[in-house]
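**Q** Here is a sequence together with a model predicted from it:
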Amino acid sequence: MTDPRDAAVQATCPVRAVPRYGDLPMHASGQRMLLAGNGLFVQMKTPWLDCTTRVAEVGMRLPYGSLDETIAFAFGVIPVGLLERFLEEARLALPNETAGALIFNVRTGGLRLAMHEALAVGPGHVSYRIEDLQDDELLAVDLHSHGRLPAFWSAEDDRDDQGVRVCGVFGNLDRARPTARFRLVLNGLFKDLVHPWQVAGDA
């Protein structure tokens, strides 16, 4: 490369062709793009996430190996008990929205629930301040509620959901069984996730 800025970009987000016969070199951390015979994939590795997911199909035959999509969390599955505690807090906030997060501890591998301080709140919006995290903590799961409204991803959610995290939204909190949506966010790429409140037909 003739420009060192391009070299810096490649170091931050390298692109690799997937070997057809040999092994793909290990990826220590961060983001890299993988060109495979069955598509273009992004691999994201953080202290709490190891994910490989397809970004796009490839409309031609390529002489590369194939990849499978995988998502693995260092903490295992998201603890339903912590989500139910968030639901309790969200119901107490009715009819207003509320927000919180599950914070990952790099040292212990566990999660804790943190409720965000509301700065402005109403039945259709919430703005908040995220608490300062310890040096060994990372925000892994971003949560908010829609009060009595259904759970859905708004245009504002799409703008706000950046970086690398799991995002969850709960709605219809005036009912015994709320509605919910969960997705994995990878720098602007959204990947729907299954969850315990899912019903047939959910996206």
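**A** Looks like it came in fine. Numbering: from 1, shown residues only.
**Q** List the buried residues of stretch 48-58.
**A** Under the neighbour-count criterion of 16 or more other Cβ atoms under 10 Å, stretch 48-58 has 48, 49, 50, 51, 52, 53, 54 buried. Backbone N, C-alpha and C define where each C-beta goes, glycine included.
**Q** now stretch 81-95
**A** Neighbour-count burial for stretch 81-95, counted by 16+ other Cβ under 10 Å, picks out 82, 83, 86, 87, 90, 93.
**Q** is it fair to say the fourth one lies in a helix?
**A** Yes: Residue 87 sits within a helix when classified using DSSP: H, G, I helix; E, B strand; the rest coil.
**Q** do you know how far the closest residue to residue 71 other than its chain neighbours is from residue 66?
**A** Of all residues not flanking residue 71 in the chain, residue 51 sits nearest, at 4.8 Å (Cβ to Cβ, 6 or more residues apart in numbering). From residue 51 across to residue 66, the span is 17 Å (Cβ to Cβ, to the nearest Å).
**Q** follow-up on the earlier one: can the buried residues of stretch 81-95 go into JSON lines with extra columns for pLDDT and distance to residue 139?
**A** Below are those laid out as JSON lines (pLDDT from 0 to 100; distance: Cβ to Cβ, whole Å):
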{"residue": "82", "pLDDT": "98", "distance to residue 139": "14"}
{"residue": "83", "pLDDT": "97", "distance to residue 139": "15"}
{"residue": "86", "pLDDT": "98", "distance to residue 139": "14"}
{"residue": "87", "pLDDT": "97", "distance to residue 139": "19"}
{"residue": "90", "pLDDT": "97", "distance to residue 139": "18"}
{"residue": "93", "pLDDT": "96", "distance to residue 139": "20"}
